[in-house]
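Trainee: generate a structure from the sequence data that follows.
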Amino acid sequence: MALKDLISINDLTSREINRIFAIAADLKAEPRKYGTSLAGCSVALIFEKPSLRTRVTFDLGATQMGASCVYLDHQNVRLGERESVKDMALNLERWVDCIVARVYSHETVIELAAHSSVPVINGLSEFSHPCQGLTDYFTLTEKIGPNLKGFRIAYIGDGNNTCHSLVFGAAKLGAHIRVGTPKGYEPDPAVIKQAKKDARKSGGSVVIVNDPFEAVDGAQAVYTDVWASMGFEAETERRREIFSSFRITRKLMKAAAAGAFFMHCLPAHRGDEVDADVIDSRNSIVYDQAENRLHTQKAIMLLLVQENQ
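Mentor: Modelled structure (predicted):
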């Protein structure tokens, strides 16, 4: 793997993405084969934000490959307050073989990577959620096969970090993504500009619309996320009103292709961004996505650590 760190899916080539998928598939099929792959290694988990999936899957994933984990809870003491981000990176690189950071500011991950000689993995920032996006596309390869060129995915809701990662991923893999979001809540224009450039090379496409039915029309997978991500809780009631017509309902799903998958990065709020009879339907693959966070992140850690030792 050419990269030292994983900060954004935009940093990866399609070949690197598919390599992660291949390793993740093998790790999932034969986990015991990798039981000592990271023996003697250690991983630091720096978490400013609360977490279920990210913490458990990174901790277990590292342990299952023979590494040890240390968890640094920075919910109360933000990175850069007690000690500079630079100094934290320069200390941790002396002790650990990999740093996973789940933070509020994307600049924090960038700064950690800039000053660390060991790999830094973005476990989530307000701009990007690359481990989730890679997991989502890996999950789709399990459902339809390894080639996602031409696959049609719709993302409905806030143009947030998960949306950015899905857009970058579609553009790299040659998939077609339509983002349906209320006016004023579209993805970052810089993300769309870069993704459209990549999509022209891959044969994919990126389209932004403000009508959920237009976005979902003919989609093979329909994806949504919470309307108020962490850090925007104060806007919950206002967003509930603005996003009300963007709820994923059975009616909206009927506008998608027959048998379309429903996807969500979780946690989900039934009755807000999605109705219970959609997320709990047989076409929902949300728990497959959750399971695959483990396998995909194991592949990411394995590749980064082994190739940077």
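Trainee: burial of residue 32, as a residue count?
Mentor: By other CB atoms under 10 Å, 7 other residues sit near residue 32. For the C-beta atoms, the positions are set from N, CA and C on the backbone; glycine is no exception.
Trainee: over to it. Which of the three states is it?
Mentor: Using DSSP: H, G, I helix; E, B strand; the rest coil, the structure places residue 32 in helix.
Trainee: same deal with the one 4 residues further on?
Mentor: Under three-state DSSP, the three-state class of residue 36 is coil.
Trainee: same question, residue 222
Mentor: Assigned with three-state DSSP, residue 222 falls in the strand class.
Trainee: tally of neighbours for it?
Mentor: Residue 222 has 29 nearby residues by other CB under 10 Å.
Trainee: from now on call the first residue 50
Mentor: Yep, numbering from 50; the last one is residue 271 now.
Trainee: wouldn't it be in contact with residue 308 here?
Mentor: No - counting by CB atoms under 8 Å, residue 271 stays clear of residue 308, with 11.4 Å between them.
Trainee: low pLDDT regions in the stretch 100-249 of the chain?
Mentor: 124-127 (pLDDT under 70).
Trainee: how about 90 then?
Mentor: Counting by pLDDT under 90, the stretch 100-249 of the chain shows low-confidence ranges at 122-132.
Trainee: where do the strands sit along it?
Mentor: 117-122, 147-151, 169-173, 201-205, 225-229 (DSSP state E, counting those that start in this stretch).
Trainee: how about those, which one is nearest residue 58?
Mentor: Ranking the strands of the stretch 100-249 of the chain by proximity to residue 58 (CB to CB) places strand 169-173 first, at 9.7 Å.
Trainee: neighbouring contacts of the closest one?
Mentor: 53-57, 94, 96, 98, 100, 103, 107, 138, 147-152, 155, 158, 161-162, 177-181, 210, 346, 349-350, 353 (CB atoms under 8 Å, 6 or more residues apart in numbering).
Trainee: send the alpha carbons of that strand over as PDB?
Mentor: What follows is strand 169-173 as a C-alpha-only set of coordinates in PDB (Å, rounded to 0.1, in the frame of the first residue of the first chain):
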ATOM      1  CA  VAL A 169      -2.700   7.300  11.500                       C
ATOM      2  CA  ILE A 170      -6.200   6.100  10.700                       C
ATOM      3  CA  ASN A 171      -9.100   8.400  10.600                       C
ATOM      4  CA  GLY A 172     -11.800   6.700  12.700                       C
ATOM      5  CA  LEU A 173     -14.200   9.600  12.100                       C
END
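Trainee: tell me how many other residues crowd residue 235.
Mentor: Counted with other CB under 10 Å, residue 235 comes out at 18.
Trainee: and the residue of the chain most remote from its centre, how far is that from residue 154?
Mentor: For the chain, the largest distance from the centre (CA atoms, centre = their mean) belongs to residue 131, which lies 28.8 Å off. Residue 131 sits 16 Å away from residue 154, going by CB to CB, to the nearest Å.
Trainee: ok, residue 342 next?
Mentor: For residue 342, the distance to residue 154 - CB to CB - is 22 Å.
Trainee: looking at the two, which one has more neighbours?
Mentor: Each of residue 342 and residue 154 has its neighbours counted (other CB under 10 Å); residue 342 has more, 24 against 17.
Trainee: doesn't the more buried one lie inside a helix?
Mentor: Yes - when three-state DSSP is applied, residue 342 is found to be in a helix.
Trainee: I'd say it and residue 102 touch.
Mentor: Yes - contact status for residue 342 versus residue 102: in contact at 5.2 Å, counting by CB under 8 Å.
Trainee: what touches both of those two?
Mentor: The contact lists of residue 342 and residue 102 share no entry, where a contact means CB under 8 Å, 6+ apart.
Trainee: now do the strands in the stretch 250-358 of the chain.
Mentor: Under DSSP E, counting those that start in this stretch, the stretch 250-358 of the chain gives strands at 254-258, 270-273, 310-313.
Trainee: which parts of the longest one are buried?
Mentor: Spelled out, it's strand 254-258. The neighbour-count check on strand 254-258 (16 or more other CB atoms under 10 Å) flags 254-255, 257-258 as buried.
Trainee: quick one on the thing from earlier: any chance of the strands of the stretch 250-358 of the chain in TSV, plus mean pLDDT and distance to residue 200?
Mentor: Output for these, formatted as TSV (pLDDT from 0 to 100; distance: least, CB to CB, whole Å):
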stretch	mean pLDDT	distance to residue 200
strand 254-258	98	11
strand 270-273	99	8
strand 310-313	99	10
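Trainee: out of these, nearest to residue 238?
Mentor: Nearest to residue 238, of the strands of the stretch 250-358 of the chain and by CB to CB, is strand 254-258 at 9.4 Å.
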